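# sequence and predicted structure are below.
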Amino acid sequence: MGNGDSRVRGIAARAGGWSARHRWTAVGIWVLFVVLAIGLGSAAGRVDVKDSDQLKGETHTAAKIIEDAGIEEPAGETVLVQARDGKLKATDTEFRAAVEAVVKAVEGTGEVTEVSSPYDTRTISEDGHSALVQFDVRGDSDTAGERIEPVLKAVEGVRQDHEALRIEEIGGASMMKTFDDAFGDDFKKAEYSAVPVALGILLIAFGALVAALLPVLLAVTAIMATMGLMGVVSHVMPMSDTANSVMLLVGLAVGVDYCLFYLRREREEREAGRDGQTALRIAAATSGRAIIVSGVTVCVAMAGMLFTGLAEFEAMGLASLMVVAVAMVGSVTVLPALLSLLGERVEKGRLPFLRRRTRNPGGGGESRFWSAVLKGVLARPLVSVLVAAGALLAIAAPAVGMKTQNLTLDQEFGDSLPIVQTYNRVNEAFPGGSDPAEVVVHAKDINAPEVKSALADFRALAISSGASRGPVEIKLHDAQNIAFVYVPLVGGSDLDKAGASLDKLRDDVRPATLGKVDGVEAPITGQVAGSKDFNDQLAGAVVPVFAFVVVFAFALMLLSFRSLTIALTSIVLNLLSVGAAYGILVGVFQHGWGASLVGAEGVGAIVTWLPLFLFVILFGLSMDYHVFVVSRIREARLRGLTTRDAITHGVVTTAGVVTSAAVIMVAVFAIFGTLSMQSMKQMGVGLAAAVLIDATVIRGVLLPAVMALLGERNWYLPKWLHRLPDLTHDEAAEAVGPTAKDDEGEPVRV
């Protein structure tokens, strides 16, 4: 195989060689694997994360009690009846007539139960200008949004008959329907548009349809196979729609990147005059190896999410890990087979308006722009490090004051939806009324005198302590010996104040009342409680996740390059790019600096789950570029170039592929930044900004400048670490020239 005798070592080189020799077999195995994975996934079905498993702590305990009791909590709805001019009061005849009309209208739909009048439940605001009609939607709460339309129309009919009053509906079902109507297709559009965007960029990068289609084809088949595997794996670790979306995002990014790295190197070797087999073998031994090192590092980073203890994060981590592993395997197995089959036909479908780039005779494919940048960077490496690092540290500085919280409805969607305005009006008139704390009381006998007395004391103390202004509603389930106590929290939609009210309930009110009755469980759940429990658990997971990802990434880099210096600098540079991404997020979304430029709003906080999620994703994805560039530098050093020349060669020859890969990632992530939800905007902007910084400032300036300053110390490995496994020798014979020597004539250990 090739132009001469060679002996290749390493998984990537051997896999690529075997695939090239057994082309149809390799393609057939891949197709069979994808079909089997899809078939098994369809047959097994997907098990999604249960509400009771979403969180730990009191929220989990409450959900478990409800689940074990077999109680299906219906979707609750509320109709706000409010004077528009502030004159009419709930005691006025017209106001009463409107309330009675709402009760009659919603009951007449046949879709609701437990309709209660504000005159019976005392859900009338302190100023007397607002009242709440409350009811439950029949059937499963998860699908209540599909059945709420007749109720919404009935309420709208009453509103038209009473123009002096504001009559608006809000609740779990109506919000579900509103969001599905407004944003239900948002994610699908983003997911569907990601593939055409990636294909368009690849067409520009390669100038040929077949070459552009290959990475997209491999990425899409990897995603399809992973979707099937998720169905099988979900029976052990439940999955979710969020995990599916993240998997698609990560799968498209790394799948296209890996194929791009491989394909670009194969074309480069052909243009250097090598025959097809030799070009494939060198691509397998070099880019293939970089793909495996990068893929394993990304998988390790994604595995960090398994340490959070949060079911949603665990699902996202496992799904991402699987798609990266599948894309990595596909890139080093079926891609060489396809390239071997296609040969020169990979250039088919060349676009006439894109001229084929001319390469130098050595096949370097060097970028003029990056050659000019590198010339300046390497002329003054210390100045380059100080300026670039200083700029990134300045960008990262706002992250010191990062505030995280689960975004409220108005923060998430702004005032773009009428239902958000209704949410704000309800919270203003009835603080905490739209998102009350829910106390799930479980006793041996819920009707025992001491339990009833404790419930009454809890209701009274919740109000007298200042945690709630009432009304506190108690709903009994005698058969299951369970009571639900709904407590509107003082603070309403202000999560900081509502959180303080929740703490007062948990720490003071409950111990003084329900806590004194033996055998009574009374976990407190609800939106505010769920947010607090989520924050507490996530905060406890930060250190273990960060430590796991950093330590294992360091170990993998150390084993892959056998250089303590390379391993350390890779970690520091990655942390710097993550820090800069955090700073941009805080500046734009917390402080509102330039928020309008990305169609966002300064909401005063970063959504709680995003910092840890971004760290894991970015730390993994940034290794793509780092491993690819450093591998090329190391390869050039092995050929006998000086470290400075090797840096120049490695950076400028990889600049084109790194730029193309980065543009694809930025474009795909930016699509998610166009979604209406602020949390999705934050994710999209954070990912896009970090990748852009990583591919330009980090890889184009800081990495070469730091390596130039370190010189031969880049390849330093203490003698006591020489016994580590050697995972570096995947290069084919053609890739290695005379043994590289250092300044003292000693062989360079790289």
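Perfect, I can see it now.

# okay, CA-based contacts and neighbour counts for the rest of this
Noted.

# for the stretch 401-550 of the chain, give me the ranges with low pLDDT.
For the stretch 401-550 of the chain, the stretches with pLDDT under 70 are 415-416, 432-434, 493.

# try 80
Scanning the stretch 401-550 of the chain for pLDDT under 80 picks out the ranges 406-417, 431-435, 470, 491-496.

# quick one, helices of it?
Assigned helices in the stretch 401-550 of the chain, in chain order: 409-413, 418-429, 449-464, 495-504, 510-512, 527-561 (criterion: DSSP state H, counting those that start in this stretch).

# ok, now the stretch 651-750 of the chain?
678-693, 703-710.

# pick out the shakiest of these, pLDDT-wise.
Ranked by mean pLDDT, the helices of the stretch 651-750 of the chain end with helix 678-693 at the bottom, a mean of 87.

# I'd like to know which elements it is packed against.
helix 409-413, helix 564-585, strand 606-607, helix 610-638, helix 643-672 (3 or more Cα pairs under 8 Å, 6 or more residues apart in numbering; DSSP states H and E).

# please export the C-alpha coordinates of it as PDB.
The C-alpha coordinates for helix 678-693 follow below in PDB (Å, rounded to 0.1, in the frame of the first residue of the first chain):
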ATOM      1  CA  GLN A 678     -33.300  34.100  26.300                       C
ATOM      2  CA  SER A 679     -31.800  30.900  27.600                       C
ATOM      3  CA  MET A 680     -31.300  29.600  24.100                       C
ATOM      4  CA  LYS A 681     -29.900  32.900  23.000                       C
ATOM      5  CA  GLN A 682     -27.400  32.800  25.800                       C
ATOM      6  CA  MET A 683     -26.300  29.300  24.900                       C
ATOM      7  CA  GLY A 684     -26.000  30.100  21.200                       C
ATOM      8  CA  VAL A 685     -24.100  33.400  21.700                       C
ATOM      9  CA  GLY A 686     -21.800  31.900  24.400                       C
ATOM     10  CA  LEU A 687     -20.900  28.900  22.200                       C
ATOM     11  CA  ALA A 688     -20.400  30.900  19.000                       C
ATOM     12  CA  ALA A 689     -18.300  33.600  20.800                       C
ATOM     13  CA  ALA A 690     -16.100  31.000  22.500                       C
ATOM     14  CA  VAL A 691     -15.400  29.000  19.300                       C
ATOM     15  CA  LEU A 692     -14.600  32.200  17.400                       C
ATOM     16  CA  ILE A 693     -12.200  33.300  20.100                       C
END
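
# angle of that helix against helix 643-672?
For helix 678-693 against helix 643-672, the angle by axes from the mean of the first three to the mean of the last three Cα atoms, to 10 degrees is 160 degrees.

# who touches helix 678-693?
Helix 678-693 is contacted from outside by 407, 411-413, 577-578, 580-582, 584-585, 589, 600-601, 606-607, 610, 614, 618, 622, 662-663, 665-667, 669-675, using Cα atoms under 8 Å, 6 or more residues apart in numbering.

# residues touching the residue nearest to residue 545 when sequence neighbours are not counted, list them.
Computed as Cα to Cα, 6 or more residues apart in numbering, the closest residue to residue 545 that is not its neighbour in sequence is residue 304, at 5.1 Å. Each residue near residue 304 by Cα under 8 Å, 6+ apart is listed here: 317, 545-546, 548-549, 616.

# ranking the helices of the stretch 651-750 of the chain by burial, who's on top?
The highest mean neighbour count among the helices of the stretch 651-750 of the chain, using mean count of other Cα atoms under 10 Å, belongs to helix 678-693: a mean of 24.

# relative orientation of the helix or strand containing residue 282 and helix 610-638 in degrees?
If you go by DSSP states H and E, residue 282 is part of helix 276-303. For helix 276-303 against helix 610-638, the angle by the same axes, to 10 degrees is 150 degrees.

# okay, the angle between helix 276-303 and helix 527-561?
140 degrees.

# immediately after helix 276-303, which helix or strand?
Downstream of helix 276-303, the next assigned helix or strand under DSSP H and E is helix 311-342.

# what residues does the helix or strand following that next one touch?
The first helix or strand that comes after helix 311-342 along the chain, using DSSP H and E, is helix 368-379. With Cα under 8 Å, 6+ apart as the test, helix 368-379 has contacts from 384, 644, 648, 651-652, 655, 700-701, 704-705, 708.

# so for helix 368-379, mean pLDDT?
Rounded mean pLDDT across helix 368-379 is 87.

# low-confidence bits of the stretch 151-300 of the chain, can you list those?
For the stretch 151-300 of the chain (pLDDT under 80), the answer is 178-195, 205-207, 242.

# where do the strands sit along it?
Taking DSSP state E, counting those that start in this stretch as the criterion, the stretch 151-300 of the chain contains strands spanning 165-171.

# tell me where the stretch 51-200 of the chain has helices.
Under DSSP H, counting those that start in this stretch, the stretch 51-200 of the chain gives helices at 51-54, 57-69, 93-108, 118-121, 149-161, 172-183, 186-206.

# got these as CSV, with distance to residue 403 and mean neighbour count columns?
Shown next, in CSV, are these (distance: least, Cα to Cα, whole Å; neighbours: other Cα atoms under 10 Å):
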stretch, distance to residue 403, mean neighbour count
helix 51-54, 23, 16
helix 57-69, 22, 19
helix 93-108, 42, 18
helix 118-121, 38, 14
helix 149-161, 37, 17
helix 172-183, 26, 18
helix 186-206, 26, 18
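
# which one of those helices lies closest to residue 419?
helix 172-183 (7.2 Å; Cα to Cα).

# show residues contacting that closest one.
Under Cα under 8 Å, 6+ apart, the answer for helix 172-183 is 75-77, 137, 141, 143-146, 148, 152, 419, 676.

# same question for stretch 77-89.
With Cα under 8 Å, 6+ apart, stretch 77-89 has contacts from 94-95, 98-99, 102, 128-137, 155, 164-174, 422, 426.

# now the contacts of helix 172-183 as CSV including distance to residue 464?
Shown next, in CSV, are these (distance: Cα to Cα, whole Å):
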residue, distance to residue 464
75, 29
76, 27
77, 27
137, 32
141, 33
143, 38
144, 36
145, 37
146, 40
148, 37
152, 37
419, 32
676, 41
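
# which among the residues you listed gets closest to residue 45?
residue 143 (19.3 Å).

# residue contacts, that closest one?
residue 173.

# how close does it get to residue 176?
Separation of residue 143 from residue 176 (Cα to Cα, to the nearest Å): 9 Å.

# got it, and residue 673?
Taking Cα to Cα, one finds residue 673 at 22 Å from residue 176.

# pretty sure residue 489 contacts residue 431?
Yes - under the criterion of Cα atoms under 8 Å, residue 489 makes contact with residue 431 at 6.6 Å.

# show me what counts as buried in the helix or strand where residue 385 lies.
Secondary structure assignment for residue 385, by DSSP H and E: helix 381-396. By neighbour count on 16 or more other Cα atoms under 10 Å, the buried set for helix 381-396 is 381-382, 384-385, 388-389, 392-393, 395-396.

# these two touch, right, residue 141 and residue 112?
No - here residue 141 lies out of contact with residue 112, judged by Cα under 8 Å, at a distance of 11.8 Å.
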